[in-house]
Structures are given as C-alpha cells and as structure tokens.
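Chemist: Quick one: sequence plus predicted model below, questions after.
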Protein chains: 8
Amino acid sequence: MAELDPFAGLAAVLGAAAVHVDPHRQARKGVPEVVYAAGKSPGLTLAAVQALLERQPSGRVLVSRASAEVIDVLRAELEPAGATVLVAPYGGTVLATRQDASPPRETGGVVAMLTAGASDAPAADEAAWVAREMGCRIVRADDVGVAGLHRLEAPLRMLRENGADVVIVVAGMDGALPSVVSGVVDVPVIGLPTSVGYGLGGGGVAALLSMLQTCAPGLVVVNIDNGVGAGATAALIANRVAAARKA
Amino acid sequence: MAELDPFAGLAAVLGAAAVHVDPHRQARKGVPEVVYAAGKSPGLTLAAVQALLERQPSGRVLVSRASAEVIDVLRAELEPAGATVLVAPYGGTVLATRQDASPPRETGGVVAMLTAGASDAPAADEAAWVAREMGCRIVRADDVGVAGLHRLEAPLRMLRENGADVVIVVAGMDGALPSVVSGVVDVPVIGLPTSVGYGLGGGGVAALLSMLQTCAPGLVVVNIDNGVGAGATAALIANRVAAARKA
Amino acid sequence: MAELDPFAGLAAVLGAAAVHVDPHRQARKGVPEVVYAAGKSPGLTLAAVQALLERQPSGRVLVSRASAEVIDVLRAELEPAGATVLVAPYGGTVLATRQDASPPRETGGVVAMLTAGASDAPAADEAAWVAREMGCRIVRADDVGVAGLHRLEAPLRMLRENGADVVIVVAGMDGALPSVVSGVVDVPVIGLPTSVGYGLGGGGVAALLSMLQTCAPGLVVVNIDNGVGAGATAALIANRVAAARKA
Amino acid sequence: MAELDPFAGLAAVLGAAAVHVDPHRQARKGVPEVVYAAGKSPGLTLAAVQALLERQPSGRVLVSRASAEVIDVLRAELEPAGATVLVAPYGGTVLATRQDASPPRETGGVVAMLTAGASDAPAADEAAWVAREMGCRIVRADDVGVAGLHRLEAPLRMLRENGADVVIVVAGMDGALPSVVSGVVDVPVIGLPTSVGYGLGGGGVAALLSMLQTCAPGLVVVNIDNGVGAGATAALIANRVAAARKA
Amino acid sequence: MAELDPFAGLAAVLGAAAVHVDPHRQARKGVPEVVYAAGKSPGLTLAAVQALLERQPSGRVLVSRASAEVIDVLRAELEPAGATVLVAPYGGTVLATRQDASPPRETGGVVAMLTAGASDAPAADEAAWVAREMGCRIVRADDVGVAGLHRLEAPLRMLRENGADVVIVVAGMDGALPSVVSGVVDVPVIGLPTSVGYGLGGGGVAALLSMLQTCAPGLVVVNIDNGVGAGATAALIANRVAAARKA
Amino acid sequence: MAELDPFAGLAAVLGAAAVHVDPHRQARKGVPEVVYAAGKSPGLTLAAVQALLERQPSGRVLVSRASAEVIDVLRAELEPAGATVLVAPYGGTVLATRQDASPPRETGGVVAMLTAGASDAPAADEAAWVAREMGCRIVRADDVGVAGLHRLEAPLRMLRENGADVVIVVAGMDGALPSVVSGVVDVPVIGLPTSVGYGLGGGGVAALLSMLQTCAPGLVVVNIDNGVGAGATAALIANRVAAARKA
Amino acid sequence: MAELDPFAGLAAVLGAAAVHVDPHRQARKGVPEVVYAAGKSPGLTLAAVQALLERQPSGRVLVSRASAEVIDVLRAELEPAGATVLVAPYGGTVLATRQDASPPRETGGVVAMLTAGASDAPAADEAAWVAREMGCRIVRADDVGVAGLHRLEAPLRMLRENGADVVIVVAGMDGALPSVVSGVVDVPVIGLPTSVGYGLGGGGVAALLSMLQTCAPGLVVVNIDNGVGAGATAALIANRVAAARKA
Amino acid sequence: MAELDPFAGLAAVLGAAAVHVDPHRQARKGVPEVVYAAGKSPGLTLAAVQALLERQPSGRVLVSRASAEVIDVLRAELEPAGATVLVAPYGGTVLATRQDASPPRETGGVVAMLTAGASDAPAADEAAWVAREMGCRIVRADDVGVAGLHRLEAPLRMLRENGADVVIVVAGMDGALPSVVSGVVDVPVIGLPTSVGYGLGGGGVAALLSMLQTCAPGLVVVNIDNGVGAGATAALIANRVAAARKA
C-alpha cells in the first residue's frame, strides 16, 4: 500500500493491478482464476490474461463475458506470441493457452448438464468450460424444455448411464426445469438461471426465484448467468467424489 | 350523491352502502357478486350478505376470505332467520343460501382443477365454489406436485376423460406445475398462484412470476390467491363452450 | 446427449440445436411453434425458421420479436428459395411461408381485440397473427383509450355484433382499459399489458399490476408484451367454442 | 436544544415534545396541524391533542389513524373536561373540539369526492374531514366502481351541477377510476389510492402506480391512504378559487 | 372496428391510426392533445402532428420527448409547408404551429416553477410549455437547490410577489425541495420528480418516493419526468382561479 | 380425481390429503419427506405426521417450522401412542419416531456447519437435523461472526481436521461469512441465508443477495431460512462422496 | 467446534452460546458489544446480558430493541442481584449496570443530534445511549422538521456553539432534513432514517433512499432505525477528534 | 426569477444557469463544488467548468463522470487557454486547473482507502481525488479481495502505520470487505459500494444492502459509485481530526 499520487499515469496503475493476479488460487482452492471481462477495458483484460498466462503453472487462462472487441484484442495480441485463443460457440467464454500448456488433468469427476432452451447455451458453455478446466468429464443435453415432458426422458436416462456425480440444470423464463429434474434424480442439482425472458420477472429473475422456491429438496442455485459459479461448484463436488473413488 | 355531513353516524352510511350492492350483475355479466370480506368489519360483511340474499333472484350469496369471526357472525345472524351457511373445508369461502334458494342451474361446462400441494387448497376451494355457482361441473385432483412427475399421469388422463373445457392449475412456491401441465394439454390453462412459500419470492411472488414467464403458450394467470377470478373466468369459458354444445 | 467437447466449433452446435425444433407441437397442443428471435443471433433464428419451414406440415412459420437485421437476413435467405416473408406493420412479428403453404384452416372461432393506444399495436399484432395462424377470425378496434369513455361504445357494440368468443384488451401505462371492458362484457377477457410508459410503474409494470388487481372477475392476464401467449390462449378458447358450435 | 441526559425520565421528554406543537400553522399555511396517531403511544397522542386544543385559536383538533385504544383514551380524558370527541364512521379519523369551538368558517370552496368501493371509505373520510375543517363544502358519491360504467353517470352529473372546484377520486385495487374520471371532467383531479387489494401490487401499490401512469393529463396523486394530503391540497385549490370568486 | 387483415400493409394502418387523433379534447377537457413521441417512429409522430395541425382550431401542436431524429423529420417536413417548429432549449419538447396560428389566449392564471438543479430543466420545460399553451403566465427560478437554503429566499419572495396560483417544484436525486417549499407557501404545490441520480433510488425513484412521503400536506405529485401532467394540472388549477377572478 | 362435491366436509378432504403422503421418496430420491408445518393447521400437520409415521419404513418423521401449538398437539397425540417427539433447542424443527424406529444408518459422509450469530441457530438446526436423518456426521461451530476474523481460525482448522465433505455456512444480516469461508476452503460451500436483520435488505434479503453476488466461486445458495434444502443437498453431496470412499 | 448431537437439550446450547460473548471488543475496537434483543427469546437475551455484565470490565451492558417482556425479565432477574436496569423514554434501549460500575469515561467528543419528528425519538435514543457509553457529550434538538424551515435556525446555532464534532440527523417519511442540514454545516453528517411513514416508500425506505441520493456531499447513512450504528460511528469520529485535541 | 419566455433560445438559458454556480461553497462548507457531468451535455459541462475556474479562488475544478466526449471538449477548449486538464487513470474523474492555481493546502488529515477488486478503481479514484482536493493525504491498497483473507493483512498493517483517521472501503458484488475491515479497525469506516456485478443484486445493489446490514458497528455508507460523497465525508472527518491535532 503506497501513498497514492492521484496524478500518476495509467501505466503505473496497470502495473500495480497486475501484481494482484492470484496464480496460486488453483492450487489452494482447486478453482482456477477466471478473468471477468465485463467490467474491464480490453487493455485491462489483456494485461490480466497475459499476467496469468505467464505465471500460472498450467499455462491456461479462462476469460468470461468477453465482448467481440475483447476477443479481437486477445487474438491480435496473444496469437502472434504463440498462444492459442479458443472462443465458445456463442462467444463470451474464451480460453487462452500458452504454447507449452498441457490439457487439464482428468479427475474422473462427471458433471451432467441439461439446458432448457437454445438461448441458455452461453451460460451453459461458461459452466462447462470451467468444469472442463477443473478436469471433469461433461455430459450435456440441450433444449430439453419443460413444455413437453416427453423430451426429458432420454436425457435423464443418459445422465444415469454416465454416472453423473452432479447435475447443472440451466434455464431461463419460468425456471421450472431444475425443480422437475431435482424431483427425479438422486444426485445434487445446481440450478443455473439465465437472463432469458422479458416483462415482469424477466432477465432471469423469475427463473432464479422459482428455483429458490423449489419444492424439491436437493436443489441449490447460483446467480443469473453465473456459469463460472455453477461450473466451479459442480466440479468441486464431482472431483471430491472422484478422488474418493480413486482412493 | 348527497352533500356529505362528515358528522353523520354509522347507520346512515351503512344504509347508503347497502344501496350499492349490484344484484343484477349475474344477469348482465354471468358472474355472481361475491362479497369480499377481508377489508370489511363483520357487521359490514353481514349487511352486504343480507342485502344480496334478499334481492338476488337466486337466493345464493358467496363470501370470500371470511375470517372465523365473520363466519360466526354470519351463522349467528342468518341461520335463525332460516338461511343456510356453508363453509369450505379450510374456511375462507362461505355460501349463504335463502330458504327458497334452488341449486345453480347446470350449464354442462366442465372445469378441471389440479393443485400442487395441500396448502393450495383454500385458493382452489374459492375457485371451485365460484365456478360451481356459475353452473359448472368441477373435476379436481389435489397434491399433484411437480417434484415427482409420476404423480401427474393419472390426473392428466382423468382430465381428458372428463372432457374438461378448461383447466385451473393451482400452485405456490416454485409455480412450476401450470407450465408443465400447459405443455401437454390442448385446452386453455389458468394458473392460480397461491401465497405458499417464504423467503425471496415467497408469498406466491415466485409462483406468479414463473407462470407469467411460462414457456408454454396457452397459459394465462390471475393474481396470487385470486380464486374468485380464476373460477369466474374458467366458468365463463366453460359455459360458452357448453352453450355452443347445446345449440 | 453426447459428451461435450467444449472445443467443438459453431457448426456442430447449430446442427444439434436444429434437431430440437418441435414440428409436431401444433398437432399435439393446437398451438404452432413460434420462433422467438429476441435472444438469438440472426443466423440461429434463420436456422430455426428453415428447419420448421421444412418439417412443419403447414409450411408456415411465425417469428416474434424479429429485429430489422433479422428480417433482412430472413428475406435475403428465404425469398430466393421461393418462400414468402411477411412482416407486421410495426415490425417484430414475421410470417414465413413455404411456396406450397396453404392458409390456416378457418375454425369459426372469433377473437376480438381492443387496443388502448397507438403504441400498443406491435403487441396486438403479435397476438393477432398467432390467433390467425390458429384459424380464428380477428375483429379489432385500435386506440380506444380510457381517457374519453365515449370512444368505447362503438367497439363494444361491434364486439357483440361479431359474436366474439373472447376479447383481448391491449393496454400499457395505467392498464385501466381491460378492467373497464371486463366489467361490461359477458365473455372471457385476456389482458395484454404492453411496455408503454416511463417512470415508476413504467415499461408495462403498472399496467400488468393493475390488471392483476382488477375489480372485474372474468379478466386473466399474460406477461407484458406477450402477444404470443395472449393470442394462443384466446385462440384455444375460441376454437373450443367453435368446435362445439360445429358439433 | 439542551444537552441530553440520557437517563432523564419520560415526563421531561413529553413536556419538551409538547413544546414543538405548531398551533400557528393554520394561519401561516392554511392547513391545520393534524395529529398523526399511528406512530405514537395513546399517551403521547393525548398530550399532543391537549396541547393543540389549548393553544389553537379554533379550538378544533383533527387526529388521523387513531386506533380504538387511542379513541378510548381521548374520550376518557377529554370529554370529562368538556371537550367533544367525534369519530368517523369507520374509525381512524377523530375530531376533538373545545367547548367554545366554533365550526370552521365556510369558504365557498367545493370539493367533490368519488370512491370506487366500500373499503375506500376510511381514507375518503380522512380527506373529507380535513377539507371540511378547512371550510370547504364536500359533495361525495360512494361505491362508484369501474366494473360497470353505468354507475358513473349520475355522480359525474352531480359533480358538475354542484360546481366542484376539484375532485378527489379514491380507489384501491386496480386504481382505474381516477383515470376514467380525469378523462371526462375539466377540473383538476387528485387520485387517492387506498391500501385495498392483495397479491402482487396489493396494499394499494398497483392503484398508486396505475394513477402515476395515467393516460389522462390533469391527474395528480398522493401516497396510499394519505387522506390528509389529498384533503388538504384539494381544499387549498378550492379555497383559492373561492377567494377569487368572492373578490 | 373492421375485421383485421393481418396482412394489410403499413399505409392502411397509419391512415386508420390518424383517424383516432382527438382534436376536440382541448374544448372538452381544457388540455390540448400532446403527441408523445417516445414510443413512436418518426414517421408515425409526423403523421400525428400533421393530422392535429390540420384539424385543431388553434393550429398549434405540442410534441413531448422528441429525439433529435424526430425533430429533424418534423423540421424537414413541416417547415417547407409553412409551419413553424420551435424546440425547447434542451430538446425533447417541440411546438409546431400552422402559418395562421395565433398565440394561446391568456387566461390570467399564474403558474410558478422552481427547479432544484440544472439537470431538471428538460422536465421543467415540458411542464412550462404545456401550461403556456393553456394560457398561463409562467414565473420560474432555476437551480434553487436544497443544499444551501439561502438560495431559496429570493425565489419564494418572487413567487409571492407574482401572485402564483400554484407552484410546480421540479427535483431529482433526494427530491427534498418540494417538501421544503410546501412547508412555507400557502398555495397548492405539485412535485415533479426527475430522472436525475444514480445508484439505489436513482432515476428519480427516491425523489418520487420522498415526495409521496412528504411531511408537508399540500403537496401532490406526478410521475417521474411527467412534465405534461404537472403542467396540465397546474394550468387547470390556475385557470379555474383566474376564471373566478374575472367573473 | 373425483368430481368435487364442494359441500363435502372436512374429514373427507383430510382423508384424501393423507393419501398423497409420499413414503417412498426416501428410497427413490435419498431425501426423506419433511412435513412443512407453517402453512398447515395443527390438525392437518398431525394427520400428515401420523400417516408418514405409519408407512415410512424408517419409522422416523421430520417436521419443520412447527409452532409451539403444533408441538403441543404432536406431543399430546403421539406420545401416548408410544412415539417419541424430539424438539430442536430453539423450536421449529421436530423429530417424531415410532417405538420401533432405528437411528439413521450412518453413511460416513461429513457435513460441516458454521453459523455467523446466535440468531442463525434455528435455520442451522433445521439443516443439521435433515442431514443427520440422511446418515451424515455433523461438525458445527456457532457464532463465528465476520466482525472479528480471529474467531474464524479455529473453526476452519477443525473443519479440515474432520475431513468435511461439504460446508454449510449460515448467516443473516450482511451475509458476508459464506464468501469469506468459500475463499479459503477447497470443498463445496452451501450458503444458508437467515431472516436476521431489519431495514432495507432485512429479513435475509441482503444476506441472500450478497451470497448470490459472491466473489468466491464454489459457493451455491438456498433460499432464506431453507434449512431443509441446505441440509438435504449437503447430505446428498457428502453421501455420494462417502459411497465412493466405501466402494 | 464439537460434533453436534442434534438431540442435545437447550441448556448445553445456551452454555455454548454464552461462550461467544466478546467482552474485549470495546478495548480492541472502541465500541461496546450491544445485545440485540429483537431476534432472541427473553431467556437468551438475559443470558447474554448476564455474561457480559460479569466479564465486561466496565460493568455496563447496553441492550437494543428490547420488548416490554424482555425488559420485565431483565428487571426481575438483574435488580434483585444488585444491578440497575435503565430504560429509554420510549422503551427499546436498555442499560444494565453492575453495582460496581462506574460511568463511562468522558472523552470530550461532542455528538450533536437533530430529529425531524416526535416518532423518530426511539431510534435517536438508541444512538444517543451508545454514543454516551462511548464517552461522548450529546447535544440534541427534537422535532425540528423540514416543513417549516424557521424551526431549523435555533438548532443549527446551538450545534455550532457547542462545538459539535459530528451531527446525527434522524428522520423518517421524506428524509429531507439530513440533506438540508448537511448543506449548511461544515462537520460530517450521519443520516439515520427511521421506519416512520406508510404507503409506497414507507417504513423508512423513502427516507433512506432520499439520504442516499443527497445533493449535499458530506452526508453518510446507516440502515433504517440503526441507532447503534449511527451512534457508534459518530462516537468513533468525535472521540478521534477529541483525542487529537487532548494530545 | 424572471417570467419565462418559453421561446427564448439556448444562449440565454445557459447564461442564467452559469449564474447559479456556487464558488463560495468550499469556504462555507469545506467541500469544493464538483461538476457532475453525467446528466449534462458537453457544452453545459464546459460552461460550468469555465465559470467555476474563473471565480473559484483556488483555480481548481473537479468534474465527475465525464465521458470521453466531455473530456475531449474540455481539453480542446481549456488547454489552449492555458488551463491544465488531468484525467484519472480509468477516466470519469477530471481535474481542471487555472494557470495560476496552487496545489491544495495540506491539512494533515489521513484518508486510507482499500478496494476489493480491479473494477472498483474508478469509484475509488473519484473519492481519492475529492479528498486530495480537500488537502488530505491518501494511502491506498487495491485489489484486496475478501476471497482470500491472507491478502488483507498487509493493508491493515499499513493503514495503522500511516495513522489513518478514517478508512474508505470500496467494494462491489458481495460487498463483504467493508464489514470485514470494520470489524478489526478502530477508526470510522465509510463503505463505498460500486456498480460491479450482474444478476439479482447486481449493479451494486447487493453490495450496498450488505453494507447497510453490516454486523460491524462503525460502518456508514454512501450510495453506489458515489465517490464524491465518500471522499468528501472522509476528508471532513480527517480534516477535523487534523485541525485538532494542530491546535
């Protein structure tokens, strides 16, 4: 903590900020540091990614909520230096890897994911990529819906057949799917509400509230669109189970 | 509209209020006047019931949200005069009938009702009694739940077998059942959220919002605990269908 | 449900998503699948429309909340292939039809619509187009207002003369019109609040709440701007009445 | 402002509090001091009433939101001393007058009042009693409703025939009546929402929001149940008009 | 009310919409029709202005919340045809006048306005222009603030010296000024909250709530930024007083 | 689903309701049916407990949110019949056991619990008793607080030494403790907000929102005071880990 | 942290809870531990007071939000043992002192307090008693109001004359007084909103929001009715100033 | 207050507005006038800055929430005239100084600042620049976080070593850091919530509510992102302490 010179320039502050990146969190906590790009300028996001890319033993850095502009900056600055920049199908989530990075060590933990509709995909991707970085196997069924329960049978069967240790159910609008799923499975369920829907209770509010009010004990939730939180917790659960299986 | 003497006593005002009872609404609108007891003193409720009981051709008067105290007053004052006072199983809804009252004329309309849990019964009763007064046949399955979808099959089959013209689905907490039902039936569904549940989104708020956000087109809603509204609209629908069947 | 490769590209995911389109909903439920464009990229919307256009027996696909950009993409991609792309007067709602599509089979159901002001038109159009696709006849009066009750007489007379089976009343701001209308008609009324108005209670919130608090039993509501929900339910009601009339 | 001895007893504080009663407000501002009883103990309310009764030239003191317990205390303490204690028909509002009090000087201002339902009476009484104390003539029609517009014609005609300078429209639940009235009269309208109604938007919230969102310019509002505010402003308007008429 | 052809083009609908313009409202209600531009396309706004400009006896049309784009369209289309287009200092409010329009007839009513800060000017202008069109004289003091009460003395003195019949107090953020003013003047006060301020209670919410909770009876409010409502009601009050003065 | 006779008495309905008790849920889902007493009359609660006590193989029934009155009824009716009624230290949670009931089978799963303050105990007890019924070992530290971090060290050390598989952190008011704990442990954390606190954000709202907004990935939440949900999910997690350890 | 036996009785738990009382907080933090009675049973409150009374060097214990029942228990149990139980004029705040307790050491810090109305007294007392326990001198003016600014002059003069180091301004309803005061004094101001007021923004919400939105920099706030927080912070400020004065 | 000519042009109004700039506030109140740019056009902001720059004795003017466009205008217009325009590292806050301006007189007051994350920097800068202009020394530690308490030790030590008179703790999302800090320091703490975070409680709402609900007495708050308020109050506190130290 230095005495602030409020007239100091941008560079000094950026340098100072970069110092605070926490490359050891993965070791201590089991969850990798994810760079949250939404509240940051492209330059600040790039600086944080570069710092982590350098210091993190895995050589792998996840970025969430990256805009198209941020993605362009990351590609333009990191790829010429030999890094790889992978972007999730609907954007938002990005994985940058150093040239010498190895894939995440597979833990044997199994995270199942069900999404209610096509618009839930970005939040689901965010969760999936985080859990993948934490070494889990992901099994996933999209567009399961609640308006037509016949669509639910196949995913539930596959979930059981794959030995899922935990299920993330992703839904916006009425948020009914997680309650329905939690009523019929015997593993913990994490509800991930998404900002899908308009009008009163829109933007994911009704979905989140409905999940909080669930009749089905065994359902816990994260905040709207918080794929990182859902993925990280699911992986912590699955990895602890997997570690016990191996021991 | 007379010039108000703000120092006039209670009796004059009660007399004036009684004048405004609208005994012809049932003829004009097809929905009987229901005395809403929650915001009124027992005396005022009694006065309104007496006025309607006298002037309404059917000789039948429904009261909603009657407290135990109101019910006692109604019984004490109306039964000695030959009227009958019927109370719904969990209280709240009351039917007062004149000695010469005849049962409601059966229209042939069929209203189906599904409730999610035992605590939804009072709101469901309110809706059922209103629809019954409007001449509909009621078929109803209680405690259907969404946390255990196997419980849904039998009610849905019976709903179809009884030729339901419309379905009222009553649910508190997560409010998921109406969306689930609306996804699989081909008649209009009215969601009736109930004030069941605590915490954020409690008191029926999450249930109402979830129904408003439904993925299943074909679902309309009334306000939390508004059994009168759900029952009256369902009966208007069923009665219009029934009238067309007879014509 | 396949094991997710989080590094799979966009094409694979789009393919998978297209599989989930539900072309049989119209047969099972009586309501056509409507492509909701607001939460989707133009490409994803186009893919969904193409899939439904191909597989849906009617050869007709409705799209709601299409932006100008989405409309341009639909026109550019579908019209050269022989399809027709019709856009509602104020945009938003789009109807794509295959070359061999026939108009919707007329059911004989009659849906009346009243709108309070000029800004309510887009939501009203959405409802009208859905009900039309479900075979109903639409009678509609615009800009009826509540601030000037003399404007209400003509529409109410026409509503009766046309034998409306159900009325959709569309209103933003104070949301008073549906209560006024529901107090004087003897058919079910569906309130469709619109996101018109600013300040506290703006964006349709006051309109929706006022409808939920209606003094007039016989009024049910859908969420703000949910024209699809209002139109689909109205048509389910009208069609059931019409079927009874024919039988 | 004295240094506080936090261990001083109740009597000293009550004495100090009584000093702050503002008997000259009526002269300065044209609105009498009204004792708001809801947040006070019966003893504190009594002390305030006694202080005002003594010092106020008119010898008249209004109390709002008095509970039955407060009314009992006022009667027991004031009537033996020769004062008169008048209570509004549904309670809440109380007028205490000194033996030598004269009735309020009549200004010639005319305040019209319309209430939507029987439950709106207490708030309406509060407004009427305040305007009466400020010297206005009150013309009032109760239970006008919006669900049945035919009931509106007579009140509107009488309002014009009595030369109302301003109209207070009192309504809970959907709060639609003030907008309807404001659309057809050419005097200012004050909407007084009441805490009638339950569920979402209940307790007067929907009524207030709907009035704030009115389509009818010429409508202003006060807070839910704030009869004092509505009555005082209406009387200020009517009295200024009346003063101009006399000049 | 014609049967809707949902495939009718834009022109037909615009023609129909124009029919609903209500040029006689000023005569009936005393408040001119104001074209609310925020929810309309420039073309629709232009059509409404043109229709009113033609049919309104005064030859004067106010437009509220006009964007820069709308203003450009109005100027480009109306000025070549001989009309005049006046824009308020901070935009938003526009006055279009026919070549043969005469200024509003002066009623003698006096509306005073106080604004708390510079950002409150657009809402204040909207109110001032409406009251001016209704024939009132406007006296106004800007940037009076509540954080520095010494700034309040001069405006209050001028308000009295000009014989203001009513005061509009315009304030965002804490919304304290209207309560302070209402405590010291003996004419009715209309609080006009503005959407100034950020964070919790921002966008005018705290200002509106604080005004609704005022300790000073004699204060009524309109919704956030509703200059039209504040100006129209103030002018209705002032004009009624002025008419009495003249009689 | 039988045709409803709205005039059927209470007994019949109670009998019907009792039919819906789901004694097989524990086998299917791994979570026992808990009787939620808050929305039910003592008689209805008793009937549900008796039905489950009889049919549930374990002979053990948990009741949540039992009032003192409910507890008295349960004791008076069940103990003479040989059952045992155990009540949690601060009331609310009750365990009724049949004479032949055996303790829950120990799974080896370890659930740790930390509470922030003394007022959080009832919600914590609810969670603990549910997890205990599901066979888990509970380790718990009360009154850990966040205002004084030195109090956190000992609990965290014990949590690690006991090999906790999951941690429930119980907190009201600021809800800060779960974020602090989740930042330093490597097992999943379930935040259980409690309805402690008053003013804005009171009743547990700030606590819940703060947990939803946590900076610490690995934290999931349940609704305010939902001890059943937190305990059931924690036990599902711990039991799956324990089962893997045994295999 | 011991393994929980969920069947342990009340005594054991109470014993454990008492262990967590933090008698050293005053030394470490400069603010005494205050027993918050609202969420606790009388017995639990008594136990906490007894524990602190014994171990706290000062022999003085404050209790906030004590109900009449709690006060009775404290008096009945503590006074026979020689302790003194002092209750604030409007109840709520209680000071228990051991026989050998000495008054708080005077620091020389000066805390000024202004309250807007008589109903704000309980929250103000809570703040005053806390600051007094922390050794400050309190100067206070009650019922200052904002509706009548002439009442503000004397308190402001006395505030300056007494050399106040900080001002607590206590207000409910519109919450305007703190902004007005903060605009004219040159010491820090702490706004203490109170739960006075009804309707929208009632219960102190408008007061708090208005203070948060203040135009007057130099105003900070605590939550509604949080007299302990306001008093403790004010005393921390005044005591730091006083310590500097002495040094 | 002149009679408004609503047709007066922009220039006249701007002139009038400029008159209201209050260059003497710093002398009277100890806090400099800060130009709040968010609600103003670049031209209006420039005019206000120019007026203050000219008349303020210090020759220094702070601007908050300046957009990039505003900054460009200020630079283009002020720098050619010899003034200096300094911009905070992340923009938003700007300091314009006249050529003859001297640095702020150092008071000796010490304000410590802790920020939770990198996104909190802009609000922190705003507070720091205001306190600096008021003559305080700023000591600051960024990115302290609550998810990893080990990061808190060094800042707390430095805070004590620098003799901080007051601490501003800046945090978004869960807002937990201020409560944690306030629990362990013995100087007053000002919580400055920032609009960081999404979903329910996002935009700083959870952070603010959590701070309002703090368990740690001694914490007061300002509104979300209100750096000016936090900085000004902190400096008022520190300067009063420093003045006492000097005396």
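Modeler: Thanks, I have the structure now.

Chemist: any chance you could map the strands in chain A?
Modeler: A:2-3, A:34-36, A:60-66, A:84-87, A:92-97, A:110-115, A:137-141, A:166-171, A:189-193, A:219-221 (DSSP state E).

Chemist: Looking at those strands, spot the one closest to D:Ala238.
Modeler: Shortest distance between D:Ala238 and the strands of chain A, using Cβ to Cβ, is found for strand A:189-193: 53.2 Å. Quick note: C-beta positions are derived from backbone N, CA and C, even for glycine.

Chemist: so how far is chain F from A:Ala234?
Modeler: Distance, A:Ala234 to chain F, by Cβ to the nearest Cβ, to the nearest Å: 9 Å.

Chemist: make that A:Lys40, sorry
Modeler: For A:Lys40, the distance to chain F - Cβ to the nearest Cβ - is 15 Å.

Chemist: likewise A:Ala238?
Modeler: From A:Ala238 across to chain F, the span is 9 Å (Cβ to the nearest Cβ).

Chemist: do the same with A:Arg137
Modeler: 15 Å.

Chemist: What does the pLDDT read for that residue?
Modeler: Here, the pLDDT recorded for A:Arg137 equals 97.

Chemist: Could you do the one 3 residues further on as well?
Modeler: The score at A:Arg140 is 95. That number is its pLDDT.

Chemist: Run a quick check on it versus A:Ala112, I expect a contact.
Modeler: Yes. Using Cβ atoms under 8 Å, A:Arg140 is in contact with A:Ala112, at 7.1 Å.

Chemist: Compare the two and say which is more crowded by neighbours.
Modeler: A direct count of neighbours by other Cβ atoms under 10 Å in any protein chain shown for A:Arg140 and A:Ala112 places A:Ala112 higher, at 29 against 25.

Chemist: these two touch, right, that one and A:Glu161?
Modeler: No. Taking contacts as Cβ under 8 Å, A:Ala112 lies outside contact range of A:Glu161: 10.4 Å.

Chemist: give me every residue that touches A:Lys246.
Modeler: A:Gly108 (Cβ atoms under 8 Å, 6 or more residues apart in numbering or on different chains).

Chemist: need the longest helix for chain A.
Modeler: Secondary structure of chain A per DSSP state H: the longest helix is helix A:227-246.

Chemist: which parts of that helix are buried?
Modeler: Within helix A:227-246, the residues that count as buried by 16 or more other Cβ atoms under 10 Å in any protein chain shown are A:227-242, A:244-245.

Chemist: Give the members of those that are also in contact with chain C.
Modeler: Contacts with chain C within those, counted by Cβ under 8 Å from any Cβ of the partner chain: none were found.

Chemist: Can you name the residues of chain A sitting close to chain F?
Modeler: Residues of chain A lying near chain F (Cβ under 8 Å from any Cβ): A:28-31, A:34, A:130, A:165-166, A:183-188, A:190, A:208, A:212-214, A:217-223, A:226, A:228-230, A:232-233, A:236-237, A:240-242, A:244-245, A:247.

Chemist: Near chain H, list only the ones from these.
Modeler: Within the residues of chain A next to chain F, those near chain H by Cβ under 8 Å from any Cβ are A:208, A:223, A:226.

Chemist: Going through the residues you listed, which ones are buried?
Modeler: By 16+ other Cβ under 10 Å, those give A:208, A:223, A:226 as buried.

Chemist: Name the nearest of the residues you listed relative to chain D.
Modeler: Chain D has its nearest neighbour among these in A:Leu208, at 16.8 Å by Cβ to the nearest Cβ.

Chemist: Skipping adjacent residues, who's closest to that closest one in space?
Modeler: A:Pro193 (4.1 Å; Cβ to Cβ, 6 or more residues apart in numbering or on different chains).
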